[in-house]
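In: When you get a sec, could you give me coordinates for this:
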Amino acid sequence: MASIIGKRYGNAVFELARDGGWIDTLEEEVLAVKEAFTSHDMSAFLTHPSISTEEKIEVVKKSLESKVRDELVGLFCLLIKKGRIEYFHDIFEEIEESIDEYHGKTKAYVKSAYSLSEEEKTHLEKRLSELTKKEVIAFYKVDESLLGGLVIRIGDKVVDSSIKGHLRSMKRELLNQKAV
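Out: Below you'll find the predicted structure:
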C-alpha cells in the first residue's frame, strides 16, 4: 500500500492525465520510467548525499526528456528538489492502482496455506470479480503458517479467513472475557 505522500502525488498525476486525456500514454510511460529508475545504480545515484540536487535533476532530465511527458519529468525533478525521491515507488504504485480502477480492474493479494490449483484460482477470481464488480488481477503467495484458509487483500480491505486468523481472534475474545 502506498504512503500518504505517494497517494497525494500519484492521484495528482493521474488526475492530470485523466483531465488531459492521456491515461493510456501515462500507463506506458510509468512502466518505462519504472524500468529505467529501479536499477540499483540509479537508486544509489539519486539517493547519494554528496551528489548535488542540480546534478541529479540534470541526469533525470537528460534520461527522460524524449521518452516521457514533461509532466513526469517535472514530477521527478520536484521529488528530487523536495528530498522525496524515496516515495517514487509509492507514487507509481498509486498511479498504477488509479489506472486499474479507471479501467475497471483491481488487484487482489491472496495468501493461502498451500498452493491453490488452477481451478481453485479461477473460482476464487470469479467470485472476487462478482463481489467487487471489477476484473480481478490476483497475486498468489503460499504461507504455511496460516494452517488453512485464505487471507485476501484488495486495496485497503483485508479478509482473514485463515485458521491462524480464527485462532488469533478466539484468543483475543478469551483474553477480553478474562479481563472482564
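
In: any idea how this structure splits into domains?
Out: Per automatic domain parsing, the structural domains of the chain span 4-100, 105-179.

In: now those domains in a markdown table, with mean neighbour count and mean pLDDT?
Out: (Glycine included, C-beta is placed from N, CA and C.) As requested, the domains of the chain are exported to a markdown table (neighbours: other CB atoms under 10 Å; pLDDT from 0 to 100):
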| stretch | mean neighbour count | mean pLDDT |
| --- | --- | --- |
| domain 4-100 | 16 | 89 |
| domain 105-179 | 14 | 91 |
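
In: Sticking with the spatially most central residue of the chain, tell me its helix or strand.
Out: Residue closest to the average C-alpha location in the chain (CA atoms, centre = their mean): residue 93, at 3.6 Å. Element membership of residue 93, judged by DSSP states H and E, is helix 88-102.

In: Now do that helix: which elements does it pack against?
Out: helix 4-20, helix 23-37, helix 70-81, strand 105-112 (3 or more CB pairs under 8 Å, 6 or more residues apart in numbering; DSSP states H and E).

In: Next, format these as TSV and append distance to residue 135.
Out: Output for those, formatted as TSV (distance: least, CB to CB, whole Å):
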stretch	distance to residue 135
helix 4-20	19
helix 23-37	15
helix 70-81	26
strand 105-112	5
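
In: one step back: the residue nearest to the centre of the chain and residue 6 touch, don't they?
Out: Yes. Between residue 93 and residue 6 a contact is recorded at 6.5 Å, counting by CB atoms under 8 Å.

In: Quick check: the gap between residue 73 and residue 147.
Out: 49 Å (CB to CB, to the nearest Å).

In: For residue 57, identify the helix or strand it belongs to.
Out: helix 53-64.

In: how much does that helix deviate in direction from helix 70-81?
Out: Here the directions of helix 53-64 and helix 70-81 differ by 150 degrees (axes from the mean of the first three to the mean of the last three CA atoms, to 10 degrees).

In: what angle separates helix 53-64 from helix 23-37?
Out: Using the same axes, to 10 degrees: helix 53-64 against helix 23-37 is 120 degrees.
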